[in-house]
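In: Return atomic coordinates for the entry below.
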Amino acid sequence: MAKVLLLVGGGHAHLSVLAGLKKVVRGGHRAILVSPGDYHYYSGMGPGVLAGTYRPAQARFHLRRMVQERGGVFLKGEAVGIDPERRTVRLASGEELGYDVVSFNVGSEVVADRLEAAGEAVVPVKPITNLPAARRRILEGLAQGPLRLVVVGGGPAGLEVAGNLWRLGQAGRGRLGITLASAHGLLYGFPPRAGTLARNSLAARGIRFLEGERVLKVAGGQALLSGGSTVPCDIAILAAGIRPPSLFGTSGLPVGPDGGLLVNDYLQSVAFPEIFGGGDCIHFQPRPLARVGVYAVRQNPILFHNLRAALGGGALRPFRPQKDYMLIFNLGDGRGILRRKGWVWDGHPACLFKDWIDRRFMKKFQLSGEAREAGDDI
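Out: A predicted model of the protein is given here:
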């Protein structure tokens, strides 16, 4: 019997599903993808796009083409509500979509509750499409004169953004001033050596780091800090923590403490077996998972199998997350910081290794001519 598989969001955890969509369609089912845009950007290469190391086309997947070439339906839109009893998803346009099985991979959003900003002075790092847009805006500003940027957040995202802004600024002949402000230490929660290497890297390139300072307000060319002082700021890049969207909690679905869709070992809602999810938007009930891309990538084949099983009545497979994983931070100067378990290394080989991993991942899922695209449109 034909069923409807609804995919909400084309993120990392849905890539195997999208790549194998022909198998769903050939099984007699209807497959629909809802996404805010035609493209999904790979977050691991986002800072490199900001710096100009990669062209936008090298770091994105053409969702519309991928779906349509495999017999699915692509709908441009944003989910704003879920009715699990009626099995419908409501879009911002007011349209309702019915489903037999639905899977969510809608990512996360940057926490900006305590930051007051005027106009377009603040650019969140998510969605990743903000980064190529920010690059164009900064280059246009530098053509008019010096710019002063403040990066908010001292975690991996803040570090990579600050370092790659420095690289972007080299095109402006030193007219780009960069300040990184963090309420905590740089790379807080990582081995101390990682923070030391990061601070040394920033300092060597003239990037100012303000520890123990939270940005409260951006207006009038200034950023107001929690200590009462101000720093010049034409644009603030917000990279100060992420959280799942409120979609699930406001729709009455069971969620974890962070608001993520509460799922079991099978990446399946604990209350509604026809609802699945992966990536940053879920809360894995067996144990909390860090919001890093490696988990979304590893969920890919499990989610694909389980969605097909749910459509056809087959057995589900559990997701067994690894206890540890490797992280490599792109510092923007050709060097990287690699962390694996308790070990930390830095240098050019780390950055080259990250580049190799990222390009291999893109090659696996860029199936619709993305690498040949020449434009910088987002």
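
In: where exactly do the strands run in the stretch 101-250 of the chain?
Out: 101-104, 109-110, 116-117, 122-124, 147-152, 176-182, 208-211, 215-219, 222-225, 230-232, 235-238, 242-243 (DSSP state E, counting those that start in this stretch).

In: Name every strand pairing with the first one and say which way it goes.
Out: So the one you mean is strand 101-104. strand 4-8 (parallel), strand 275-277 (parallel) (DSSP bridges).

In: which outside residues touch that strand?
Out: 3-9, 14, 17, 79, 82, 87, 89, 247-248, 261, 274-278, 281-282, 303, 307, 310-311 (CB atoms under 8 Å, 6 or more residues apart in numbering). C-beta here means a position set from N, CA and C on the backbone, and glycine is covered the same way.

In: related to what we said a few turns ago, nearest to Phe190, of the strands of the stretch 101-250 of the chain?
Out: When the strands of the stretch 101-250 of the chain are compared by CB to CB, strand 176-182 sits nearest Phe190, at 12.8 Å.

In: Relative to that closest one, what are the paired strands and their orientations?
Out: Partners of strand 176-182 in its sheet, by DSSP bridges: strand 147-152 (parallel), strand 208-211 (parallel).

In: quick one: low-confidence parts of the stretch 101-250 of the chain?
Out: Scanning the stretch 101-250 of the chain for pLDDT under 70 picks out 113-114, 116-119, 172-174.

In: where does the stretch 251-378 of the chain dip in pLDDT?
Out: Judged by pLDDT under 70, the stretch 251-378 of the chain has its weakly predicted residues at 374-378.

In: can you redo the strands of the stretch 101-250 of the chain as TSV with distance to Pro318?
Out: Listed next are these as TSV, based on distance: least, CB to CB, whole Å:
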stretch	distance to Pro318
strand 101-104	16
strand 109-110	28
strand 116-117	43
strand 122-124	34
strand 147-152	38
strand 176-182	37
strand 208-211	42
strand 215-219	42
strand 222-225	46
strand 230-232	49
strand 235-238	36
strand 242-243	26
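
In: Tell me which of the ones you listed sits most buried.
Out: Compared across the strands of the stretch 101-250 of the chain, strand 101-104 shows the largest average neighbour count, a mean of 27 (mean count of other CB atoms under 10 Å).

In: Surely Ala2 is within a helix?
Out: No: the assignment for Ala2, made by DSSP: H, G, I helix; E, B strand; the rest coil, is coil rather than a helix.

In: following the lengthiest helix in the chain, which helix or strand comes up?
Out: Taking DSSP state H as the criterion, the chain has its longest helix at helix 293-312. Once the chain leaves helix 293-312, the next helix or strand it forms, by DSSP states H and E, is strand 326-330.

In: Identify the residues contacting that following strand?
Out: The contact list for strand 326-330 (CB under 8 Å, 6+ apart) reads 47-48, 156, 159-160, 163-164, 198, 292, 294, 336-340, 350-351, 353-354, 357.

In: Run through who's touching stretch 255-267.
Out: 104, 243-246, 248-249, 253-254, 269-271, 275-278, 280-286, 288, 299, 302-303, 306, 316-320.

In: ok, Tyr325 - contacts?
Out: Applying CB under 8 Å, 6+ apart, the residues near Tyr325 are 292, 294-295.

In: Look up how far Val294 lies from it.
Out: In this view, Tyr325 and Val294 are 5 Å apart by CB to CB, to the nearest Å.

In: Next, the most centrally placed residue in the chain: phi, psi?
Out: Nearest to the mean C-alpha position of the chain, by CA atoms, centre = their mean, lies Ser43 at 4.8 Å. Dihedral angles of Ser43 (phi, psi; degrees, to the nearest 10) stand at phi -60, psi -30.

In: Hmm, it is touching Thr129, no?
Out: No: applying CB atoms under 8 Å, one finds Ser43 not in contact with Thr129, separated by 10.9 Å.

In: So what's the residue count around Ser93?
Out: Using other CB atoms under 10 Å, Ser93 has 11 neighbouring residues.

In: what helix or strand does Gly81 sit in?
Out: With DSSP H and E as the test, Gly81 turns up in strand 79-83.

In: Now, of the contacts of stretch 255-267, which are buried?
Out: 104, 243-245, 248, 253-254, 269-270, 275-278, 280-284, 299, 302-303, 306, 316-317, 319 (16 or more other CB atoms under 10 Å).

In: burial of Gly141, as a residue count?
Out: 17.

In: Can you pull the domain assignment for the protein?
Out: Annotated domains of the chain cover 4-36+77-108+244-312, 110-241 [automatic domain parsing].

In: For these, please prepare JSON lines with the additional fields distance to Ala371.
Out: Listed next are the domains of the chain as JSON lines, based on distance: least, CB to CB, whole Å:
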{"stretch": "domain 4-36+77-108+244-312", "distance to Ala371": "15"}
{"stretch": "domain 110-241", "distance to Ala371": "16"}
